[in-house]
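# sequence plus the predicted model coming up.
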Amino acid sequence: MKIFLDARKIGDGGIGRFIVNLLCGLNKLNFFEKNRLTLIVGEQGSKLLREEFISEEFKGNLPLTILIDKTAKYSLVEYFFLPLKYKSIISECDWFISPHYTLPFFIPNKVKKLIVVHDLIQICYPESLIHKILVPIIIKSSIRRANKVASVSMHSARKISEYFNVSVSVIPNSISESFLEKINTKDLNTDKLLVGEKKIILFIGSDRLHKRLNLFIDFFKRLSSLSNDFHAVVVSDLRQERDDLPKNLTFINSATDVELNYLLSNAYCLVSTSREEGFCLPLIEAAALELPIICTDLEYGREILGESAWYFEDGSTEDLLRVFTLMHMSEEERSDRAKMSSNIVSSYSIENQASQFIDLIS
């Protein structure tokens, strides 16, 4: 089988991680012994693929054809000219894989097409009027031209299926192997991570509307007024400077997998305040490292974590504070739930992700 994969979003959040983990899982299953994969990546993605995400074993004999492409993501050039640029290669392939909701035009009819729609966040919680108008049109067009549609979780697949009246399969996201065990902190600069005597409450995510960073900050302000035992660390690509933050809250603009592992391994708990997620990677990463988790009581969290997490009422700062207090005062149950969560990890292995992908295109 010959596959063409648009991997230009490697290095770009959860979709980039989805692609990298899929490649690692396929390699684990020896998929490349009988199948050929051509992928296009940006310059940053090529570097991350070769130097950071892929294991030493994989790097030594990379069984892929990698083409560096500078086409801007979500551009008219992508939609109308990218397939023409690689026409001779794509026309020889069995599948064209788009790991996002964008699918270029002019892909030969004989080539099957798979798109992965991770969520409907840009429809339900658009950041602009343009997103609100264009994203549904783009997704609907891609679905109409695709042979198969997938998503990364059951709840996300159900929502997409209901919204667009289409059959949606699931290729579950997976946990990177770099989070399967706690790291050796030797040679790691832990000073900037601020894991000291105070208990660290961790938030990992962007400041986009659906993440509800403001809810977390409001919660931590109220907690700080009651106790001085805690310090909050927010790992976020903050797009605007803020001057309303308490002194015992620190922003980290970016963190490597090693640094994230260290934070998750040494924090007191992880808090997720999102109102929607396609698949919340920090949840499964925290679970793997047996970190207690407090999450919005919504389907995205319960699908992954079941009863191993602590849940608070959607959008309620008061209930988040109540649940945190309950968790803080229940040391034995906190430990039991954290150990329970680590048992979930096997369901989200890179091999399982790759296996579901192979079944879908076979």
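Now that the structure is in, tell me what you want to look at.
# what's around residue 77, how many residues?
If you count neighbours by other Cβ atoms under 10 Å, residue 77 ends up with 12. Where you see a C-beta, it was placed from the backbone N, CA and C, and this is true even at glycine.
# and the pLDDT at it?
pLDDT for residue 77: 91.
# quick one: name whatever helix or strand follows the helix or strand hosting it.
Secondary structure assigned from DSSP states H and E places residue 77 in helix 76-80. Using DSSP H and E, the helix or strand that follows helix 76-80 towards the C-terminus is helix 82-85.
# quick check: buried residues in that next one?
82-83 (16 or more other Cβ atoms under 10 Å).
# again, but for stretch 1-9
3-9.
# thinking again about what came up before, for the helix holding residue 77, what is the distance to the chain centroid?
25 Å (Cα atoms, centre = their mean, to the nearest Å).
# can you list contacts of that helix?
Helix 76-80 has contacts (Cβ atoms under 8 Å, 6 or more residues apart in numbering) with 71-72, 102, 104-106.
# and with 6 Å instead?
71, 104-105 (Cβ atoms under 6 Å, 6 or more residues apart in numbering).
# got those residues as CSV, with neighbour count columns?
Listed next are those as CSV, based on neighbours: other Cβ atoms under 10 Å:
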residue, neighbour count
71, 16
104, 23
105, 13
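# among these, which one sits closest to residue 220?
Set against residue 220, the nearest of these by Cβ to Cβ is residue 71 (41.3 Å).
# in the helix holding residue 77, what counts as buried?
For helix 76-80, burial by neighbour count (16+ other Cβ under 10 Å) applies to 78-79.
# go on, stretch 7-26?
Those would be 7-12, 14-26, for stretch 7-26 by 16+ other Cβ under 10 Å.
# chain center to it: distance?
Distance of stretch 7-26 from the chain centroid (Cα atoms, centre = their mean) equals 9 Å.
# and the contacts of it?
With contacts defined as Cβ under 6 Å, 6+ apart, stretch 7-26 is touched by 39, 41-42, 44-45, 48-49, 53, 73, 99-100, 173-174, 176, 281, 350-351, 353-354.
# just the buried ones from these?
Buried among these by 16+ other Cβ under 10 Å: 39, 41-42, 45, 48-49, 53, 99-100, 173-174, 176, 281, 350, 353-354.
# closest one to residue 225 out of the residues you listed, please.
residue 281 (31.5 Å).
# next, the contact list for that closest one, please.
Here residue 281 is in contact with residue 14 (Cβ under 6 Å, 6+ apart).
# per-domain residue ranges of the protein.
The chain breaks down into these domains under automatic domain parsing: 2-174+348-361, 178-347.
# just to revisit the earlier point, and of the contacts of helix 76-80, the nearest to residue 253?
Out of the contacts of helix 76-80, the member with the shortest distance to residue 253 (by Cβ to Cβ) is residue 71, at 26.9 Å.
# secondary structure class of that closest one, three-state.
Using DSSP: H, G, I helix; E, B strand; the rest coil, the structure places residue 71 in coil.
# after the helix-or-strand element of the chain with minimal mean pLDDT, next one along is what?
Ranked by mean pLDDT, DSSP states H and E, the weakest helix or strand in the chain is helix 56-60, scoring a mean of 46. Proceeding N to C from helix 56-60, the next assigned helix or strand is strand 65-68, under DSSP H and E.
# I'd like the distance between the closest residue to residue 345 other than its chain neighbours and residue 171.
Spatial nearest neighbour of residue 345, chain neighbours left out: residue 288 (4.6 Å); criterion: Cβ to Cβ, 6 or more residues apart in numbering. According to Cβ to Cβ, to the nearest Å, residue 288 and residue 171 sit 20 Å apart.
# what does residue 36 give?
Here the criterion is Cβ to Cβ. By it, residue 36 lies 20 Å from residue 171.
# now do residue 177
Residue 177 sits 18 Å away from residue 171, going by Cβ to Cβ.
# quick one: which of the two has more around it?
Shown here are residue 177 and residue 171; by other Cβ under 10 Å, residue 171 has more neighbours (25 against 17).
# ok, residue 101 touching residue 139?
Yes: between residue 101 and residue 139 a contact is recorded at 4.6 Å, counting by Cβ atoms under 6 Å.
# need phi/psi at the residue nearest to residue 36 when sequence neighbours are not counted.
Spatial nearest neighbour of residue 36, chain neighbours left out: residue 2 (4.9 Å); criterion: Cβ to Cβ, 6+ apart. When read as degrees, to the nearest 10, the backbone of residue 2 gives phi -110, psi 130.
# which residues does residue 2 contact?
36, 93-94.
# if you set the cut-off to 7 Å instead, what comes out?
Counting by Cβ atoms under 7 Å, 6 or more residues apart in numbering, residue 2 makes contact with 36, 92-94.
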